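*Asks:* build me a model:
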Amino acid sequence: MARDGCLARVAAGFAVGGAVGGAVGAVYGTYEAIRFKGFDMLSRVSLRRRQNAGFQHNFNMLPFSLFGLSLTNICFLHNRHRFHDWVAELLSTSPSLTIQVNGFLGFSHGICTADPAGLEHLLRSNFSNYVKGTRFQSVLCDLLGNGIFNVDGELWFAQRRISIHEFKTTSLKNFISDTVQSQLATRLIPCLSSACKNQEVVDLQDVLRWFTFDNICNVAFGVDPAWLDSKNDDQTSLSSSFVRAFDYAVEISSHRLLLPFPVVWKIKRLLNIGSEKHYKKAIRIINDYALKIILSKEQSCQNKDGTERECHQDLLSRFVHSSLDLEFYDVDEKRRFLRDIVISFILAGKDSTSTALTWFFWLIAGHPHCERLIYNELAAASPGKFPSIFSYDKLKELNYLHAALSESLRLFPPIPINSRLAMSSDTLSNGTYVRKGWFADYSAYAMGRMERLWGADCREFRPERWLDENGVFQPCDQFKFPVFHCGPRMCLGKEMAYVQMKSIAAAMMYKFEVVAVDGGGCPERIVNPPYTHSLFLKMKGGLPVRLKRREEVTA
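*Replies:* This next block holds a predicted model:
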């Protein structure tokens, strides 16, 4: 499959979120943050300092040069392999945990913050003033259309209202939990058992990505691509074509966001050449696949006399039912609406959960005492047989596992940076001025590494920070821990994302010891983690692991 190379830049992106989210809608997130790089890496990064007397602003400018040989350039080139950590260091030097970024020759201006109070202002108190904006919609409209994560205003509100209703239903929660458990027992555990038996090294990042893709397609469409199934050798099937087309469309959409000059992809699209030519074909495959399923769902949700009947439990079937009260110009408009909202949820859940779990297993491999505590908790809650698939009620009892996953998300959020656009000039609660048209970014990655927020051990993996004296998990304020986004756009799938992550982690860790080939995320390696520069905080080089059966480990 042809791939266009481009300069790697800052990631953004989720909330279903994250996770089923996860991180969903955040995929757009950081085009503005990307301006730390590309042509805007010739920039002035200013540290906004809050004075004791009022909110007077003082800037400590890093000088820039018209010809590019600037201190900022040198700093960037020296730190590009650890870009998110560099941004965290810049933010930590600011008394307000906020920096102002002025682009080369004034082409862009904005701020980036790691201040919870500033984040609360951006994402809740003055929510209507900070939007996604048209630049993301133009880049992602081919893939997401007018889906919930690519729109603002009334279009967003209508879809959010329907989604909230569906995500609150017990039946959907049970459907997602049952789907995960079924696929764990019939697909993931057998796949890993085979690798264990044959003493194979597997890339756990890829395995988790394939499994979560199968899972989100089941939840969203009620269709199983069986991408992880070793018996699925039919690479020409419609589902396989959809999987490959979707992967390619997401990749090219990411490249569009990361290009320093958007005119490049627009010219390629106009001329129908290179990656844009293949992208158009991928979108056609996605649309045809989605339309075929939508037509099938419409038929299954109606009786022969046209009256409504009980639908299936997947999201698409639910949205077919929920959208009956909405007004559409014609049936094609309704089908586009259904296509856009379901494709949006697939995008949100496709990589966020697998990315989060990859870092979790990397950290656990480097902290054997935490691994032992998790296993002891699983053993105490286990039905006592292999493979052990934990029920929804059992999962809620796993406080230490929940804490370990949250701690991993704090250090390695799937969407490291997110962004908004200011519609009117504004001043944050910490005195930071944001002019109309400026971008306003926040770094979830940096916030997890702020000593003022998490203490002197903020760079350590310590799940105990999430537990009270009785070992019960204690949630954190959303604006201090914005991994699932915040405010009115907070990830709808947060709870179900935890269910999915805990189900996968529990089933795997109860049956196997996961041994990272590189030794895992020990304390020494956490300070220099191997991440890539992409929309999601993926692990560079994947996560090669060996698996040992617990019977062997505990013998």
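
*Asks:* so where do the strands sit in this structure?
*Replies:* For the chain, applying DSSP state E gives strands covering 15-17, 21-24, 44-50, 57-60, 98-102, 109-113, 130-131, 202-203, 417-422, 426-427, 433-434, 439-443, 512-516, 544-549.

*Asks:* what's the single longest helix in the chain?
*Replies:* Counting residues, the longest helix found in the chain (DSSP state H) is helix 274-300.

*Asks:* what pLDDT, on average, does it get?
*Replies:* For helix 274-300, mean pLDDT is 91.

*Asks:* packing partners for that helix?
*Replies:* When contacts are defined as 3 or more Cβ pairs under 8 Å, 6 or more residues apart in numbering; DSSP states H and E, helix 274-300 packs onto helix 134-144, helix 238-258, helix 263-271, helix 315-322, helix 331-350. Where you see a C-beta, it was placed from the backbone N, CA and C, and this is true even at glycine.

*Asks:* columns mean pLDDT, distance to Gln500 and mean neighbour count on top of those helices, output as JSON lines?
*Replies:* As requested, the helices and strands packed on helix 274-300 are exported to JSON lines (pLDDT from 0 to 100; distance: least, Cβ to Cβ, whole Å; neighbours: other Cβ atoms under 10 Å):
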{"stretch": "helix 134-144", "mean pLDDT": "84", "distance to Gln500": "22", "mean neighbour count": "19"}
{"stretch": "helix 238-258", "mean pLDDT": "84", "distance to Gln500": "19", "mean neighbour count": "21"}
{"stretch": "helix 263-271", "mean pLDDT": "93", "distance to Gln500": "33", "mean neighbour count": "14"}
{"stretch": "helix 315-322", "mean pLDDT": "82", "distance to Gln500": "14", "mean neighbour count": "22"}
{"stretch": "helix 331-350", "mean pLDDT": "87", "distance to Gln500": "8", "mean neighbour count": "22"}
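
*Asks:* Asn430: which of these is closest?
*Replies:* With Cβ to Cβ as the criterion, Asn430 lies closest to helix 134-144 of the helices and strands packed on helix 274-300, at 26.2 Å.

*Asks:* what packs against the closest one?
*Replies:* helix 238-258, helix 274-300, helix 331-350.

*Asks:* of those helices, which is nearest Pro416?
*Replies:* Per Cβ to Cβ, nearest to Pro416 of these: helix 238-258, 13.7 Å.

*Asks:* distance from the chain centre to the closest one, please.
*Replies:* 16 Å (Cα atoms, centre = their mean, to the nearest Å).

*Asks:* now stretch 128-141
*Replies:* That offset, for stretch 128-141, works out to 18 Å (Cα atoms, centre = their mean).

*Asks:* so which residues make contact with that stretch?
*Replies:* 25, 27-28, 31, 122-123, 150-153, 253, 256-257, 262, 420-424, 426, 440 (Cβ atoms under 8 Å, 6 or more residues apart in numbering).

*Asks:* any buried residues in stretch 542-555, and which?
*Replies:* 542-543, 545-547, 550 (16 or more other Cβ atoms under 10 Å).

*Asks:* run the chain-centre distance for it.
*Replies:* Counting by Cα atoms, centre = their mean, stretch 542-555 comes out at 28 Å from the chain centroid.

*Asks:* same check, this time on stretch 176-190
*Replies:* How far stretch 176-190 lies from its chain's middle: 22 Å, per Cα atoms, centre = their mean.

*Asks:* stretch 439-457 now?
*Replies:* The answer for stretch 439-457 is 17 Å, by Cα atoms, centre = their mean.

*Asks:* how about it: buried residues?
*Replies:* Buried-residue list, stretch 439-457, by 16+ other Cβ under 10 Å: 439-450, 453-454.

*Asks:* let's test this: mean pLDDT of that stretch, rounded?
*Replies:* Per-residue scores along stretch 439-457 average to 96.

*Asks:* going forward, begin numbering at 45 instead of 1
*Replies:* All set: I'll call the first residue 45, so the last point we hit is now stretch 483-501.

*Asks:* quick one: terminal-to-terminal distance for that stretch?
*Replies:* One end of stretch 483-501 to the other measures 31 Å (Cα to Cα, to the nearest Å).

*Asks:* go on, stretch 509-516?
*Replies:* 11 Å.

*Asks:* can you list contacts of it?
*Replies:* If you take Cβ under 8 Å, 6+ apart as the criterion, stretch 509-516 is touched by 443-444, 446-447, 450-451, 498-499, 501, 517-518, 520.

*Asks:* only the buried subset of those, as a PyMOL command please.
*Replies:* To isolate the buried ones among the contacts of stretch 509-516 in PyMOL, judged by 16+ other Cβ under 10 Å, type:
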select buried, resi 443+444+446+447+450+451+498+517
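
*Asks:* and the buried residues of stretch 483-501, which is closest to Phe505?
*Replies:* Closest to Phe505, out of all of the buried residues of stretch 483-501 and judged by Cβ to Cβ, is Gly492, at 10.9 Å.

*Asks:* contacting residues around the nearest residue in space to that closest one that is not next to it in sequence?
*Replies:* Distances taken as Cβ to Cβ, 6 or more residues apart in numbering place Arg454 nearest to Gly492, at 4.2 Å, with adjacent residues excluded. Contact analysis of Arg454 by Cβ under 8 Å, 6+ apart lists 492, 498, 525, 527.

*Asks:* distance of the second one relative to Ala448?
*Replies:* This points to Trp498. 16 Å (Cβ to Cβ, to the nearest Å).

*Asks:* farthest pair within the buried residues of stretch 483-501?
*Replies:* So, the buried residues of stretch 483-501 by Cβ to Cβ: farthest apart are Phe483 and Trp498, at 26.0 Å.

*Asks:* need the max-distance pair from the contacts of Arg454.
*Replies:* Trp498 and Val527 (13.3 Å).

*Asks:* possible to save the helices and strands packed on helix 178-188 as TSV with distance to Asp358?
*Replies:* Converted to TSV, the helices and strands packed on helix 178-188 look like this (distance: least, Cβ to Cβ, whole Å):
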stretch	distance to Asp358
helix 282-302	15
helix 318-344	8
helix 375-394	9
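
*Asks:* show me the one of the ones you listed that comes nearest Lys312.
*Replies:* The nearest among the helices and strands packed on helix 178-188, by Cβ to Cβ, is helix 318-344 at 4.1 Å.

*Asks:* what's the lowest-pLDDT member of the buried residues of stretch 586-599?
*Replies:* Among these, pLDDT bottoms out at Arg594, giving 86.

*Asks:* what sits closest to that one if chain neighbours are left out?
*Replies:* In this structure, Arg594 finds its nearest non-sequential neighbour in Lys555, 5.9 Å apart by Cβ to Cβ, 6+ apart.

*Asks:* and the one you found, how many residues sit next to it?
*Replies:* 21 (other Cβ atoms under 10 Å).

*Asks:* swap in Val131?
*Replies:* Using other Cβ under 10 Å: Val131 sits among 26 other residues.

*Asks:* equivalent analysis for the one 10 residues further on, please.
*Replies:* Taking other Cβ under 10 Å as the neighbour definition, Leu141 ends up with a count of 27.

*Asks:* that one reaches Leu163, doesn't it?
*Replies:* No - counting by Cβ atoms under 8 Å, Leu141 does not reach Leu163; the two are 9.7 Å apart.

*Asks:* any shared contact partners between the two?
*Replies:* Thr157.

*Asks:* got the contact list for the closest residue to Gly564 other than its chain neighbours?
*Replies:* In space, Gly564 comes closest to Ala409 once its chain neighbours are excluded; the distance is 2.7 Å by Cβ to Cβ, 6+ apart. Contact analysis of Ala409 by Cβ under 8 Å, 6+ apart lists 415, 558-560, 563-565, 589.

*Asks:* same deal with Val478?
*Replies:* So Val478 contacts 154-155, 466, 469-472, 484 (Cβ under 8 Å, 6+ apart).

*Asks:* is it in a bridge, and if so with what?
*Replies:* Asp470 (DSSP bridges).

*Asks:* against Met467, how distant is it?
*Replies:* For Val478, the distance to Met467 - Cβ to Cβ - is 10 Å.

*Asks:* same question for Glu415.
*Replies:* 48 Å.
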